[in-house]
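In: Sequence isn't available, so here's the structure alone:
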C-alpha cells in the first residue's frame, strides 16, 4: 500500500472509476501508464489504486479538493485519453466523485 | 454492470475497501460470498463491485445513508467475519466511508 495514503486526514476526495474494457489492448496499456504518471504530477493528487478482474476494473484516485479533480478532468492530455477511451477502450464506465468522510486502517 | 447502480441519484454513500490478502484461501472465498449475500439483504444496500489484481483487492459497496453503513458494520455475523479477516485473511486493509456527490455514466 501507498504509505502516503495512510497519512491523509479526512475530508479529502476520491474518484471511483469502474469500467469494462473492450477486447484487446489497442494502445490502452501505454496510455493508462502515461495517464497515471501525469495524474501523479497534478496539483492536489494524493494517490491512486487499481485492480481488474477480467471484465470489471476499479481505479480509485485520491485528491485534496474538488477543484483538483475538475482541473485533472479538464487537462488537455487527459481529455485526449478520455476521448480515446470512449472510442476504443471501454464498453462502458462510471465515474463517481466522492468526499471521503472517514477512513480506518488495519495492519496485521 | 449492475443496472440498479445506474439509477441512483446522488448523494448516496460508498464504502471503499482496499485490502491485501494473506497467502491461501483459509475459508475466505466461502465467507466473502456469504458476506456479499448478507450485505445485499441489509437496509439501504444499493450494490457492490469488486476487483482483485493479485495483491490488491478493491471492493466498493453503495448505501443509501451513513446509518445503513453503521448498521452493517455492527451486524453480528459481519463482526465475526471482520475478526476472522484481521486474524487470518488480510495483511492489511483500509476502509473509507464516502459521500458520492456526482456520478457520470458512459455507454459505448
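Out: Here it is on my side, so go on. Please read all numbers here as calculations on a predicted model, not as lab measurements. Numbers count the residues shown, from 1 in each chain, chains lettered A, B, ... in the order given.

In: and the closest residue to residue A:45 other than its chain neighbours, what does it touch?
Out: Nearest residue to residue A:45 in three dimensions, chain neighbours excluded: residue A:39, at 5.7 Å (CB to CB, 6 or more residues apart in numbering or on different chains). For the C-beta atoms, the positions are set from N, CA and C on the backbone; glycine is no exception. Contact analysis of residue A:39 by CB atoms under 8 Å, 6 or more residues apart in numbering or on different chains lists A:45, A:48, A:61, A:72, A:78.

In: Of the residues you listed, which belong to strands?
Out: A:45, A:48, A:61 (DSSP state E).

In: Serialize those residues to CSV and add fields for neighbour count and pLDDT.
Out: Shown next, in CSV, are the ones in strands among the contacts of residue A:39 (neighbours: other CB atoms under 10 Å in any protein chain shown; pLDDT from 0 to 100):
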residue, neighbour count, pLDDT
A:45, 17, 97
A:48, 18, 95
A:61, 22, 97
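
In: picking up where we left off before, ok, which pair from the contacts of residue A:39 is furthest apart?
Out: Greatest spacing in these, by CB to CB: A:48 and A:78 (13.2 Å).

In: Report the buried residues of stretch A:37-50.
Out: A:39, A:44, A:45, A:46, A:47, A:48, A:49, A:50 (16 or more other CB atoms under 10 Å in any protein chain shown).

In: Next: stretch A:56-68.
Out: A:56, A:57, A:58, A:59, A:60, A:61, A:62, A:63, A:68.
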